[in-house]
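only geometry, no sequence info:
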Ligand code: ADP
């Protein structure tokens with residue numbers, strides 16, 4: 001009943017604490033979650049700012065380039081813009097949609113571009129002598145006449161263009177006549193006049209001259225010089241010296257190269273390698289120029305029409321640059337232009353790579369509370385243009401655990417790239433949240449464990465207390481009983497003796513012995529009880545003196561025989577003669593041995609043969625009581641030294657006892673620095689040995705004080 005009440009209280013208390021902690025942890029976790037959200041929002045803001053920083057940098061880089069180009073344009077575009085790596089070309093578009101590039105010219109005429117050359121032959125068409133010379137050359141096939149006539153014409157200098165054409169024809173005739181040196185001289189003279197825009201039948205005269213010089217030199221066997229001439233032609237083509245169509249450019253290039261190879265073919269190996277090297281250099285240049293030409297072609301084709309459109313829509317006087325981005329197979333075209341007036345526009349091409357390079361590294365603007373972040377600029381095809389902090393810059397999404405957490409863009413999609421922010425590992429907010437949650441859950445677990453443990457202890461201790469209370473009440477009952485039995489027999493015998501009913505002397509004597517024995521037993525019981533209560537109160541004191549153990553053993557045996565004379569038993573003693581004196585409390589020790597003898601007889605189980613032994617071992621004196629009684633089972637052997645404990649078999653065999661004898665024995669022996677040894681087997685008997693040290697060095701003092 002009482003136990004139930006206490007246990008219920010403990011359970012109630014524990015449960016309410018438990019619920020309280022669960023609720024607390026629940027709210028704490030929710031709070032942590034809220035904080036995580038706040039932090040995430042903060043980080044999100046920081047990421048946004050990062051994107052803005054990058055965009056701002058792009059804007060300022062482009063703006064700076066634009067104002068520099070405008071400045072240069074105002075001064076006539078004379079100064080070099082080489083220190084502006086961002087600007088790859090500047091161009092002007094006029095009202096006829098003609099584009100003038102400031103950088104290297106296109107290799108050939110771009111679609112829609114007009115021939116910039118003049119057909120000189122036409123201006124001579126009406127000249128009589130010219131007609132005659134041509135007739136001699138072609139119709140009559142009289143080359144010497146033709147040469148003479150051409151020479152005649154050449155003798156009277158007209159305008160340089162006509163001179164150049166006449167020299168060209170003259171050289172041709174000389175070649176046909178086999179007068180090669182003269183031909184060479186004439187071609188060289190023509191080249192000296194220059195005029196790259198002169199054509200005859202659409203072919204620039206200079207090209208004819210260079211080509212023929214090479215051929216004539218080849219005929220003369222001057223191979224190295226011939227190779228030089230063909231290379232010169234090739235170089236001229238690459239310098240865009242002549243206005244050619246694309247197909248012209250290509251076929252002349254091929255021709256020059258073929259002839260060059262023929263010329264070089266006959267040279268020594270060492271010389272040939274040198275010439276080949278020069279050709280390779282030129283070919284490399286050609287590849288670069290072709291790329292560039294392709295780019296310029298795209299500008300003409302796609303950018304300019306868009307520029308026109310946009311320029312029409314915006315106010316020409318705004319002085320604001322307009323920007324156009326055009327993705328192409330070969331890369332991105334970024335153009336910025338300014339309508340100068342109604343029809344003219346100043347434009348420039350921006351190098352996307354240079355722009356990308358200029359964006360990083362970022363010194364500030366790192367999204368603050370976030371560690372392990374990375375930024376990448378991604379182009380429209382998903383390729384990384386430039387990045388900072390990525391583990392594998394080629395494939396940001398595949399690099400380990402980095403994860404795209406934010407994506408922004410440049411203003412007006414110029415350049416049309418995405419600005420992606422990546423996070424490597426889990427974010428700071430998430431990590432903090434997880435840590436907190438773990439701490440809360442662990443502390444909840446600790447609280448639960450503590451509550452369970454505490455509850456268990458509380459319930460166990462109340463159970464123990466109750467058990468003790470029960471033992472105490474049992475104890476009172478048994479003690480009263482133990483008192484009553486001897487008291488009853490004393491009173492009965494005393495009455496008989498008093499009334500003179502007992503006549504037989506021997507009988508009388510027996511009664512007297514019983515009365516003495518019973519009262520001694522009562523005395524011992526009282527003594528035991530007193531000792532026990534003193535020990536319980538921690539007030540037991542021992543009076544130590546030099547004690548002859550042999551004498552003590554013999555005395556105890558004698559007293560026991562006398563006290564228990566009315567019981568049936570045999571007590572044998574085996575007391576060694578060489579026992580030393582030891583310091584001990586004679587009375588306490590004697591009572592301990594008496595208790596053991598008492599038990600031996602009480603639990604003799606019908607075989608009351610008891611032996612008391614005393615002998616000395618190594619540094620110790622042993623006092624042993626052996627019986628052949630009911631014995632004690634292994635599981636109970638420890639418990640019988642607990643106060644009030646009585647073994648099952650003792651209770652069954654209805655032997656009276658209080659359960660304080662053995663605890664007392666143990667206390668006394670401990671106070672003497674010794675120990676109690678128990679050997680017992682149920683049904684066979686018990687052997688209890690008190691082992692006392694001969695010289696207890698420290699325990700002596702403790703013993704004296706109790
Ligand atoms: P009591 O004898 O008054 O019950 P003790 O403290 O002397 O109390 O003994 C405790 C218990 O130990 C006894 O109840 C008994 O069960 C067991 N016991 C003690 N001595 C013996 C013995 N010699 N043989 C068998 N059991 C014993």
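Now that the structure is in, tell me what you want to look at. All values reported here derive from a predicted model rather than from experimental measurement.

helices of the stretch 501-650 of the chain, start to end?
Along the stretch 501-650 of the chain, counting by DSSP state H, counting those that start in this stretch, helices occupy 505-537, 549-563, 586-602, 648-652.

the residue of the stretch 51-200 of the chain found nearest the ligand in helix, strand or coil?
Nearest residue of the stretch 51-200 of the chain to the ligand (Cβ to the nearest ligand atom) works out as residue 51 at 87.4 Å. Backbone N, C-alpha and C define where each C-beta goes, glycine included. State at residue 51, reduced to three classes by DSSP: H, G, I helix; E, B strand; the rest coil: helix.

in space, what's closest to residue 455 - neighbours in sequence excluded?
Counting by Cβ to Cβ, 6 or more residues apart in numbering, residue 14 is the residue found nearest to residue 455 once chain neighbours are left out, at 4.4 Å.

that neighbour and residue 447, how far apart?
The gap separating residue 14 from residue 447 is 10 Å, by Cβ to Cβ, to the nearest Å.

any stretches of the stretch 301-450 of the chain with poor pLDDT?
316-317, 363-372, 390-402, 424-426 (pLDDT under 70).

which residues touch residue 657?
By Cβ atoms under 8 Å, 6 or more residues apart in numbering, the contact set of residue 657 is 478, 482, 602, 646, 650.

which of those are close to the ligand?
Taking Cβ under 6 Å from any ligand atom as the test, the ligand is in contact with 646, 650 out of the contacts of residue 657.

the ligand contacts on the protein?
Contact residues, the chain versus the ligand (Cβ under 6 Å from any ligand atom): 595, 599-600, 603, 627, 629-632, 640, 646-647, 650, 657-662, 686.

try it again at 8 Å.
The interface of the chain toward the ligand, taken as Cβ under 8 Å from any ligand atom, is made up of 478, 595-596, 598-600, 602-604, 625, 627, 629-632, 636, 640-641, 645-651, 655-665, 680, 685-686, 688.

please pick the buried ones from those residues.
Buried members of these, scored by 16 or more other Cβ atoms under 10 Å, are 478, 595-596, 598-600, 602-604, 625, 627, 629-632, 636, 640-641, 645-647, 649-650, 655, 657-665, 680, 685-686, 688.

okay, now the unreliable bits of the stretch 601-706 of the chain?
In the stretch 601-706 of the chain (pLDDT under 70), the answer is 696-706.

pLDDT score for the residue lying closest to residue 123 once chain neighbours are set aside?
Spatial nearest neighbour of residue 123, chain neighbours left out: residue 162 (6.8 Å); criterion: Cβ to Cβ, 6+ apart. Looking at residue 162, its pLDDT reads 87.

coming back round to it: could I get the helices of the stretch 501-650 of the chain as JSON lines with distance to residue 440?
What follows is the helices of the stretch 501-650 of the chain, written out as JSON lines (distance: least, Cβ to Cβ, whole Å):
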{"stretch": "helix 505-537", "distance to residue 440": "48"}
{"stretch": "helix 549-563", "distance to residue 440": "67"}
{"stretch": "helix 586-602", "distance to residue 440": "59"}
{"stretch": "helix 648-652", "distance to residue 440": "51"}
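
what's the most buried one of these?
Of those, the one with the most neighbours on average (mean count of other Cβ atoms under 10 Å) is helix 586-602, at a mean of 22.

now the stretch 451-600 of the chain against the ligand: closest residue?
Closest point on the stretch 451-600 of the chain to the ligand, by Cβ to the nearest ligand atom, is residue 599, at 3.4 Å.

I'd guessed that residue sits against residue 664; true?
No: Residue 599 sits out of contact with residue 664 when judged by Cβ atoms under 8 Å, with a separation of 11.5 Å.

report the outermost residue of this protein with respect to its centre.
What lies farthest from the middle of the chain is residue 503; by Cα atoms, centre = their mean that is 107.0 Å.

now do the phi/psi pair for that residue.
phi -100, psi -40 (degrees, to the nearest 10).

confidence score at it?
87.

cool, residue 125 as well?
At residue 125, the model reports a pLDDT of 77.

next up, phi/psi of it, please.
Main-chain torsions, residue 125, degrees, to the nearest 10: phi -50, psi -30.

report the contact partners of it.
residue 131.

hmm, 10 Å instead?
131, 134 (Cβ atoms under 10 Å, 6 or more residues apart in numbering).

kindly report the same for residue 553.
Contacts of residue 553 (Cβ under 10 Å, 6+ apart): 573-576, 579, 589-590, 593, 612-615, 621, 623-624.

now it: how far from residue 613?
Distance from residue 553 to residue 613, by Cβ to Cβ: 8 Å.

find residues that contact each of these two.
573-576, 623-624.

of those, which is the most crowded?
Neighbour tally across the shared contacts of residue 553 and residue 613 (other Cβ atoms under 10 Å): the maximum, 25 neighbours, falls on residue 623.

leaving out sequence neighbours, find the closest residue to that residue.
In space, residue 623 comes closest to residue 690 once its chain neighbours are excluded; the distance is 4.5 Å by Cβ to Cβ, 6+ apart.

does that neighbour count as helix, strand or coil?
strand.

what sits against it?
Here residue 690 is in contact with 589, 592-593, 596, 614, 620-625, 665-666, 668-669, 672, 674-677 (Cβ under 10 Å, 6+ apart).

how far away from the center of its chain is stretch 643-661?
68 Å (Cα atoms, centre = their mean, to the nearest Å).

that one: end-to-end distance?
End-to-end distance of stretch 643-661: 8 Å, with Cα to Cα, to the nearest Å as the criterion.

show only the entries of the contacts of residue 690 found in strands.
Among those, DSSP state E puts 614, 620-625, 675-677 in strands.

state the mean pLDDT of stretch 275-282.
Per-residue scores along stretch 275-282 average to 92.

buried stuff in it?
Within stretch 275-282, the residues that qualify as buried are 275, 278-279, 282, counting by 16+ other Cβ under 10 Å.

likewise for stretch 328-347?
Neighbour counts over stretch 328-347 (16+ other Cβ under 10 Å) mark 332-340, 345-347 as buried.

what lies in contact with stretch 152-163?
Identification of contacts with stretch 152-163 by Cβ under 10 Å, 6+ apart yields 118, 120-121, 123-124, 127, 129-130, 132-133, 165-167, 169-170, 186, 189-190, 192-195, 197-198, 205.

buried by neighbour count, from the residues you listed: which ones?
120-121, 124, 130, 132-133, 165-167, 169-170, 186, 189-190, 193, 195, 197-198, 205.

out of those, which sit inside helices?
Members of those lying in helices (criterion: DSSP state H): 121, 124, 130, 132-133, 165-167, 169-170, 186, 189-190, 193, 205.

among those, which two are most distant?
132 and 193 (23.2 Å; Cβ to Cβ).

need phi/psi at residue 458.
Reported as degrees, to the nearest 10, the phi and psi values for residue 458 are phi -60, psi -50.

off-centre distance for the helix or strand containing residue 8?
Assessed by DSSP states H and E, residue 8 sits inside helix 2-74. Mean C-alpha position of helix 2-74 versus that of the full chain (Cα atoms, centre = their mean) differs by 19 Å.
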